[in-house]
Structure formats: structure tokens, C-alpha cells
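Peer 1: just coords:
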């Protein structure tokens, strides 16, 4: 069977998008097919797969990590998903997208960037992560998926991130996204991330939101303060609102489309 695909990215966090409005093409998407599609040498290449499924009046974002595992949410992915709906499915914003972490509302700005209401963060206990035998204190933040945010003096302390940083398996039984953070200025940080199921990526939207939350708490910043979060693939702007919502703003670009039989 040949089927349609698109390729897109949000701050260079890249995805293979599979239109499957009536579940007739992919059904239950297998881990093997996800891995084949995301393979950067033998496949199309991507940090994950976004499957677009229509559910009543809304679209459901079925997101899979590049290793084939299911994930609750993907912040950069939902912007790319919204861009597909706007450009190819006649959608308009505000746009409600259903995910495993509930409904995400997306709006389009005059600058063509997309803003996603990522919901309310959950701040949990202090924990620790380790790289190359060195332990770093981290804050456990949930953005619908788990994060461990560690402040460091240099992003080099994150090491190669080819392997998953050490973490407490009792705290994170299903794995964790680990963010290493340095300060760049007032309300401005930079980060690197190891995403569970994908390795180091050029950006992580939910991770940038978790980083903003951890930084705002450390700064005792008032709500509605906008933070800039630099990632290797670009920059995201994130605000923690007075009504406890996280708003993430950034680009989303579709770069290719075609057919595949992978």
C-alpha cells in the first residue's frame, strides 16, 4: 500500500505527518512502521510521527516517538499538526486539537507564528539526573508528560545526550524528558534536551514549557511574564498566565509531501 505523508518541523523538531482521517490507511499504527518512517537513512526521517485522525468535529493528534512508543503530548508537534490542518484541511483558528493530554487550542498570529494553550503545569518534587557520573539537581514538572529540569553552568555539562541521562526509575517509571538549562539574560534561557524515545532533539515544546515554569519559579516572576527559551533549532516564547495556563508561541513549517510504501 502506498499512502500520503508530509514532513514538517517546529524549531527543527521534525515530524512525519500521516493524514488518516477515517483510520482507513493506518488503523493501529505499528511501532515498526513508525521506526521505518523516522529512520534518517532508510526512511523519511523524523523525531516522531503525527497521525491525523478525524474524531467528530475535531482532529485527534496520534503522536508516536521515533522508537515507536506512544507519547501523551508534543508541543512542537501540535503546532506542525495545526499548520497541516490550516494549509490542507481548510481549518481556521482558534483551532481545537484533541490529544492524549486533552484538547489543545491553537491560534495564529499576524507574524504567522502559532500559539498553543498547553494547559496548566504540575510542579512536583525535586529529583536528580546524572550525566557521565555527575549528578544534577532537577525539578520534576509535568506538562501532560514528565520532565526533569536541571540548571547548569554550561550546556556542555549535558554531555553528548546520545544516551538517556540517569534518573530515578521510581519517580519516572515510564522514562522522562530531561532538560539542561543555562541563563542568557533577564527572562531568557537556553536549553538542550534528551527526549524519551527519541534521544537529543533540536527542540522540545513541552520541555521548553517545563523549563519556563522552573525558571519563573526560581525567579519568583509575576504571572504573565514572557520568557524566551532558546533551543538548538530556534526560539520559543512562553508565558505562564494569571489563570495558570502555559501559552507557547513558535513557528511551524511544512517542508515536503509525497507518497510512501514504508
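Peer 2: Structure received. Quick caveat: nothing in here was measured; it's all calculated off a predicted structure.
Peer 1: Might one say that residue 3 is in contact with residue 260?
Peer 2: Yes: with contacts counted by C-beta atoms under 8 Å, residue 3 reaches residue 260, the gap being 6.5 Å. No exception for glycine: its C-beta is placed from N, CA and C like everyone else's.
Peer 1: Run through the bridge partners of residue 14.
Peer 2: Applying DSSP bridges to residue 14 gives these bridge partners: residue 9.
Peer 1: surely it meets residue 40?
Peer 2: No: between residue 14 and residue 40 there is no contact under C-beta under 8 Å: 9.5 Å.
Peer 1: Can you show me the strands along the stretch 51-200 of the chain?
Peer 2: Here the stretch 51-200 of the chain has its strands, by DSSP state E, counting those that start in this stretch, at 58-65, 95-99, 102-108, 114-117, 122-131, 134-142, 146-151, 166-167, 177-185, 188-195, 199-200.
Peer 1: Quick check: which helices or strands does the longest one pack against?
Peer 2: For strand 122-131, the contact count by 3 or more C-beta pairs under 8 Å, 6 or more residues apart in numbering; DSSP states H and E identifies strand 134-142, strand 146-151, strand 166-167 as packing neighbours.
Peer 1: redo that, cut-off 6 Å
Peer 2: When contacts are defined as 3 or more C-beta pairs under 6 Å, 6 or more residues apart in numbering; DSSP states H and E, strand 122-131 sits against strand 134-142, strand 146-151.
Peer 1: quick one: buried residues of that strand?
Peer 2: Applying a neighbour-count criterion of 16 or more other C-beta atoms under 10 Å, one finds 127, 129, 130, 131 buried in strand 122-131.
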